[in-house]
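Visitor: next comes the sequence, and after it the predicted model I'd like to discuss.
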Amino acid sequence: MTVREVEHEITVQAPAAEVYRLIAEVENWPRIFPPTIYVDQVERGVPGADGVSEERIRIWATANSTAKSWSSRRTLDPKALRITFRQEASAPPVAAMGGTWIIDPISADESRVRLLHDYRAVDDDPESLKWIDEAVDRNSRSELAALKTNVELVHATAEVTFSFDDTVRINGLAKDVYDFINEGEKWEERLPHVASVRLEEVSPGLQILEMDTRTKDGHTHTTKSYRVCFPHRRIAYKQVTLPALMTLHAGYWTFTEDEGGVLASSQHTVVLNTENITKYLGPDAGIPEAKEHVRSALSTNSRATLELAKDHAERSPR
């Protein structure tokens, strides 16, 4: 049995505790780690007297242009600035994988981040091991570089990062609203702002959605998203092909039933691409104008989709 052990590291101009926090709080991952699509915190233990806690998370991420999903157990030690992880059931060709994040303070404002992995391939297949080598190396370098960028530019990214949501109340069933959003392959006929659409179900609940969307001025732009679907309550997504004014767009649709029917919401988190603001919005445009432009465009499409989902659900037989 061949077990590979590898280590990657990077130096970050930020306090070690801040670096640890970003890695520990998994809701940050789709924003700071390019391969990560979505992370679901399945279980969370209570910290002991020493501050150490355990949790179980499920991760959806890209690896060598393929989407994978797996569950991991993590042990978080905020005092030692160390997080260990072990995949519960690895996705082939990975037979087993685990590792450790170690954050070493260099000074008050500088840290060394070490990312350790150990893994083996199904049936010890050499080609599979080579594939894993490449995926781990690519993703580790990407994750560490993204971590460095996001921590060091935390103040700048705070200015250009924003979130918002749109919500409608629907007199219907969550299942019918969920189905409308989940069935992305039908959006070309259902949604006026969608010019064309291509949907691939990679595995149950994991989708690749690529579509051409019409803008208010009649132009179209292509976007590609990975979507993680939880019937009939949530669809999380992350765009990997983005419009020019964004460097990140992630979010989720939620469907909550109560006595009055369904509350359906669309949440967006965006990081602006400041380099393209004046090119696309004019020489006098700045961050406030870009925020308003992007929010208006996304919200218009979200609300249109929610209203059509509302009509679909309220017309569906119960």
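Guide: It's in. Residues are numbered from 1 along each chain as shown.
Visitor: is the residue nearest to Leu144 when sequence neighbours are not counted in a helix, a strand, or coil?
Guide: In this structure, Leu144 finds its nearest non-sequential neighbour in Ile10, 4.1 Å apart by Cβ to Cβ, 6 or more residues apart in numbering. For glycine as for every other residue, the C-beta is placed from the backbone atoms N, C-alpha and C. Secondary structure assignment for Ile10 (DSSP: H, G, I helix; E, B strand; the rest coil): strand.
Visitor: one more: Trp60?
Guide: Following three-state DSSP, the label given to Trp60 is strand.
Visitor: find the least confident helix or strand in the protein, judged by mean pLDDT.
Guide: helix 154-160 (a mean of 70; mean pLDDT, DSSP states H and E).
Visitor: parallel or antiparallel, which strands does the helix or strand following it pair with?
Guide: Remark: after helix 154-160, the chain's next helix or strand is strand 161-170, criterion DSSP states H and E. Paired neighbours of strand 161-170 in the sheet (DSSP bridges): strand 261-272 (antiparallel).
Visitor: next structured bit after the strand it pairs with?
Guide: Assigned by DSSP H and E, the successor of strand 261-272 is helix 277-281.
Visitor: buried stuff in that next one?
Guide: Going by neighbour count (16 or more other Cβ atoms under 10 Å), the buried part of helix 277-281 is 277, 281.
Visitor: ok, stretch 53-64 next?
Guide: Buried residues in stretch 53-64, counted by 16+ other Cβ under 10 Å: 53, 55, 57-63.
Visitor: the residue nearest to Leu144 and Ala108, how far apart?
Guide: Distance from Ile10 to Ala108, counting by Cβ to Cβ, to the nearest Å: 18 Å.
Visitor: with Ile83 instead?
Guide: 22 Å.
Visitor: and if you look at His117?
Guide: Distance of His117 to Ala108, computed by Cβ to Cβ: 29 Å.
Visitor: comparing the two, which residue is more hemmed in?
Guide: More crowded of His117 and Ala108, by other Cβ atoms under 10 Å: His117, with 20 against 8.
Visitor: quick check: that one touching Val136?
Guide: Yes - between His117 and Val136 there is a contact under Cβ atoms under 8 Å: 5.4 Å.
Visitor: residue boundaries of the helices in the stretch 201-318 of the chain?
Guide: 277-281, 287-315 (DSSP state H, counting those that start in this stretch).
Visitor: looking at those, which is closest to Thr2?
Guide: Among the helices of the stretch 201-318 of the chain, the nearest to Thr2 by Cβ to Cβ is helix 287-315 (47.2 Å).
Visitor: follow-up on the earlier one: count the neighbours of the residue nearest to Leu144 for me.
Guide: Ile10: 16 surrounding residues under other Cβ under 10 Å.
Visitor: which strand residues bridge the closest residue to Leu306 other than its chain neighbours?
Guide: Leaving aside its chain neighbours, Leu306 sits nearest to Val168 (4.6 Å; criterion: Cβ to Cβ, 6+ apart). Counting by DSSP bridges, Val168 forms beta bridges with Ala264.
Visitor: cool, Glu55 as well?
Guide: According to DSSP bridges, the residues that bridge with Glu55 are Arg44, Arg74.
Visitor: buried residues in stretch 84-93, which are they?
Guide: Across stretch 84-93, burial judged by 16+ other Cβ under 10 Å covers 84-87, 90-91, 93.
Visitor: okay, domains of this structure per the record?
Guide: Following automatic domain parsing, the chain resolves into domains at 4-152, 159-315.
Visitor: average pLDDT across stretch 129-141?
Guide: What stretch 129-141 shows for mean pLDDT is 94.
Visitor: and stretch 250-265, by the same measure?
Guide: Averaging pLDDT along stretch 250-265 gives 95.
Visitor: endpoint to endpoint, that stretch covers what distance?
Guide: Terminal residues of stretch 250-265 lie 14 Å apart, using Cα to Cα, to the nearest Å.
Visitor: what are the buried residues along that stretch?
Guide: Residues of stretch 250-265 classed as buried: 250-255, 257, 261-265 (neighbour count, 16+ other Cβ under 10 Å).
Visitor: for stretch 99-108, same thing?
Guide: For stretch 99-108, burial by neighbour count (16+ other Cβ under 10 Å) applies to 99-103.
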